[in-house]
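Asks: Kindly return the folded structure for what I paste below:
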Amino acid sequence: MEMIKIPKREAAWRCPSNIALVKYWGKKGPQIPANASLSFTLADLYTETKLLLTDQANVIEVFLDGVHRPDFEPKIYDFCRRIADLLPWLGSHGLKIETHNNFPHSSGIASSASGLGALALCLAELDACIKETPMDFMLASNLARLGSGSACRSISGAAAMWGEHPDYPGSSDYYAISVDHLLHEQFQGWMDAVMLVETGSKSVSSTQGHALLQEHPYAQSRFQEANRNMSRLKQILLEGNIWAFAELVESEALQLHAMMMCSTPSYMLMQPGTLSIIRKVREFREQSGIPVVFTLDAGANVHVLFPGQHRSYLGETLFPNLEKACEGGKYICSSIGAGVKTLT
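Replies: Next up, the predicted model:
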């Protein structure tokens, strides 16, 4: 293959993780979602990635915190094959990737979303340099999607949605869009405390979980319900109805795990500590009147969403009780907000 002249060889970006409120679970084709989803961006939990193009075509090296990680490289090779048509110059170069999370790896936070989001931003910057055009964040989101579906939502604002939906103008199956404009002042300044019930690898990966939806008896009903919840959530966010928000977001989390438990084969990612935290969050909300809301990703850890003005009080009252169910008594807190940033 003829070497394509690259005017710039290096890029570096920071990209945050995110937590879905309406869940993406089930896909078709090359990373096309079976239903639309909407997430909050975790501005303070991010990956920083530096990408260097080399002249060794199709040679990929990945370093995490300075340590060579060949076990990460097969996923990046697969990612590069998926994006080859979008970045035709990529096939004549190799990649040296240096990456770092500001949260512990395998801590139960979606590092694939932030990591592949940061890599996609680096690639989009280099592509813009080749074309002599402005940075294309829509392209970055599309590239990220082809690496990890949820990653595309990390690039677009404090709140982002992905998947074509009639109630969201401009929405697409191929990239995420910001929906910051939908956030009522009641949802400004919210935070997420991630209760680390279990760290390390999951017994069933998200890729395996998505695949099990292919033959799931309730899959179509779930996809329809998720899209209905996207319509409901839009109105809730516009109206600032925090109690309806709590009901919908918690229902979405439990539906996600219910789908896992009635898959074939069935599996369960929640742990006793997960259920303990859910119960304590609901009891605290009922007794205090403070809108603390739980949600779950595809794992045992619990995300506790709450208005930022209550952080100190929750740190003295609720969180010490929740820590007891966490591995090593640990949790990580982040503000909700946009977090994409160039590091060059």
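Asks: gap between residue 270 and residue 190?
Replies: Separation of residue 270 from residue 190 (CB to CB, to the nearest Å): 24 Å. In short, each C-beta sits where N, CA and C put it, glycine included.
Asks: higher neighbour count, those two?
Replies: residue 190 (23 against 20; other CB atoms under 10 Å).
Asks: correct me, but that one touches residue 336?
Replies: Yes. Residue 190 is within contact range of residue 336, at 4.7 Å (criterion: CB atoms under 8 Å).
Asks: Quick check: neighbours shared by these two?
Replies: Common neighbours of residue 190 and residue 336, counting by CB atoms under 8 Å, 6 or more residues apart in numbering, are 40, 305.
Asks: Show me what counts as buried in the helix or strand bottoming out on mean pLDDT in the chain.
Replies: Across the helices and strands of the chain, mean pLDDT, DSSP states H and E gives its lowest value to helix 206-212, namely a mean of 82. Judged by neighbour count (16 or more other CB atoms under 10 Å), helix 206-212 contains these buried residues: 206, 209-210, 212.
Asks: One more: stretch 24-39?
Replies: 24-27, 31, 33-39.
Asks: and those residues as a markdown table, adding distance to residue 230 and secondary structure?
Replies: Output for the buried residues of stretch 24-39, formatted as a markdown table (distance: CB to CB, whole Å; DSSP: H, G, I helix; E, B strand; the rest coil):
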| residue | distance to residue 230 | secondary structure |
| --- | --- | --- |
| 24 | 11 | coil |
| 25 | 13 | coil |
| 26 | 14 | coil |
| 27 | 16 | strand |
| 31 | 19 | coil |
| 33 | 11 | strand |
| 34 | 13 | coil |
| 35 | 8 | coil |
| 36 | 5 | coil |
| 37 | 8 | strand |
| 38 | 6 | strand |
| 39 | 12 | strand |
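Asks: what's the farthest-apart pair in those residues?
Replies: Farthest-apart pair in the buried residues of stretch 24-39 is 31 and 38; separation 17.4 Å (CB to CB).
Asks: so where is the stretch 201-344 of the chain shaky, pLDDT-wise?
Replies: 201 (pLDDT under 70).
Asks: at 90 instead, please
Replies: 201-215, 217, 219, 298, 338-339, 344 (pLDDT under 90).
Asks: just the helices in it please.
Replies: Using DSSP state H, counting those that start in this stretch, the helices found in the stretch 201-344 of the chain span residues 206-212, 219-239, 242-261, 272-288, 311-316, 318-323.
Asks: can I get the CA coordinates of the longest one in PDB?
Replies: As requested, C-alpha coordinates have been extracted for helix 219-239 and formatted as PDB (Å, rounded to 0.1, in the frame of the first residue of the first chain):
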ATOM      1  CA  ALA A 219     -36.100  -8.600  23.500                       C
ATOM      2  CA  GLN A 220     -38.600  -6.800  21.300                       C
ATOM      3  CA  SER A 221     -40.800  -5.700  24.200                       C
ATOM      4  CA  ARG A 222     -37.700  -4.400  25.900                       C
ATOM      5  CA  PHE A 223     -36.600  -2.400  22.900                       C
ATOM      6  CA  GLN A 224     -40.100  -0.800  22.600                       C
ATOM      7  CA  GLU A 225     -40.200   0.000  26.300                       C
ATOM      8  CA  ALA A 226     -36.700   1.700  26.100                       C
ATOM      9  CA  ASN A 227     -37.900   3.900  23.200                       C
ATOM     10  CA  ARG A 228     -41.000   4.800  25.100                       C
ATOM     11  CA  ASN A 229     -38.900   5.700  28.100                       C
ATOM     12  CA  MET A 230     -36.800   7.900  25.800                       C
ATOM     13  CA  SER A 231     -39.900   9.900  25.100                       C
ATOM     14  CA  ARG A 232     -40.900  10.100  28.800                       C
ATOM     15  CA  LEU A 233     -37.400  11.100  29.800                       C
ATOM     16  CA  LYS A 234     -37.300  14.000  27.400                       C
ATOM     17  CA  GLN A 235     -40.400  15.500  29.100                       C
ATOM     18  CA  ILE A 236     -39.100  14.700  32.600                       C
ATOM     19  CA  LEU A 237     -35.800  16.500  31.800                       C
ATOM     20  CA  LEU A 238     -37.600  19.500  30.300                       C
ATOM     21  CA  GLU A 239     -40.000  19.800  33.200                       C
END
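Asks: Tell me the buried residues in stretch 165-174?
Replies: By neighbour count on 16+ other CB under 10 Å, the buried set for stretch 165-174 is 165, 168, 171-174.
Asks: gap between that stretch and the chain center?
Replies: 18 Å (CA atoms, centre = their mean, to the nearest Å).
Asks: pLDDT averaged over it, what's the number?
Replies: Across stretch 165-174, pLDDT averages out at 98.
Asks: now the residue nearest the centre of the chain: how far from residue 112?
Replies: Geometric centre of the chain, nearest residue: residue 18, 3.9 Å, by CA atoms, centre = their mean. Taking CB to CB as the measure, residue 18 falls 11 Å from residue 112.
Asks: ditto for residue 137
Replies: For residue 137, the distance to residue 112 - CB to CB - is 19 Å.
Asks: Residue 61 too?
Replies: 19 Å.
Asks: can you check residue 181 too?
Replies: For residue 181, the distance to residue 112 - CB to CB - is 28 Å.
Asks: The two: who's more crowded?
Replies: residue 112 (18 against 9).
Asks: count of neighbours near the residue nearest to residue 127 when sequence neighbours are not counted?
Replies: Closest residue to residue 127 apart from its sequence neighbours, by CB to CB, 6 or more residues apart in numbering: residue 87 at 5.8 Å. Residue 87 has 17 neighbouring residues, counting by other CB under 10 Å.
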